[in-house]
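Colleague: Sequence below, structure please.
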Amino acid sequence: MPLYMDIHHLEPGVTMDDVAKAHQADLQTQDEHDVKYLRYWVDETEAKVFCLVEAPSPEAANTVHREAHGLVADEVHLVQEGS
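Modeller: Below is the predicted model:
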């Protein structure tokens, strides 16, 4: 399945706790769309969130975000994992 990194540009004040709650909502919604949110990173200073997701398409990944909490990604990039 394709692997994507999405980027959210949020309002200042976003916290790790806020993102953790949104991530839990994603996990509860993802199976309906054949999507698997794997990890996320938060830059509280810049109000940015980065999500790593396996999904059949960028649209499917954003559908999960939209249905789970309404915060769709501003950017979605197809990526390959390295070590």
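Colleague: In contact with the residue nearest the centre of the chain, which residues?
Modeller: Central residue of the chain (CA atoms, centre = their mean): Cys51, 3.8 Å from the mean position. Applying CB atoms under 8 Å, 6 or more residues apart in numbering, one finds that Cys51 lies in contact with Met5, Asp6, His8, His23, Asp26, Tyr37, Arg39, Tyr40, Ala61, Ala73. C-beta: built from backbone N, CA, C; applies to glycine.
Colleague: Let me see the ranges of the helices in the protein.
Modeller: 16-29, 58-68 (DSSP state H).
Colleague: Go ahead and confirm Val79 touches Asp6.
Modeller: No. Taking CB atoms under 8 Å as the definition, Val79 is not a contact partner of Asp6, at 10.0 Å.
Colleague: Looking at these two, which has the bigger crowd around it?
Modeller: With neighbours defined as other CB atoms under 10 Å, Val79 and Asp6 compare such that Asp6 has more, 23 against 13.
Colleague: Find the nearest non-adjacent residue to that one, please.
Modeller: Excluding its sequence neighbours, the residue lying closest to Asp6 (CB to CB, 6 or more residues apart in numbering) is Ala73, at 3.5 Å.
Colleague: Compute the distance between that neighbour and Tyr37, please.
Modeller: Ala73 sits 11 Å away from Tyr37, going by CB to CB, to the nearest Å.
Colleague: Repeat that for Ala22.
Modeller: From Ala22 to Tyr37 the distance is 10 Å (CB to CB).
Colleague: Return the set of residues that bridge with the residue nearest to the centre of the chain.
Modeller: On the basis of DSSP bridges, Cys51 takes part in beta bridges with Asp6, Tyr40.
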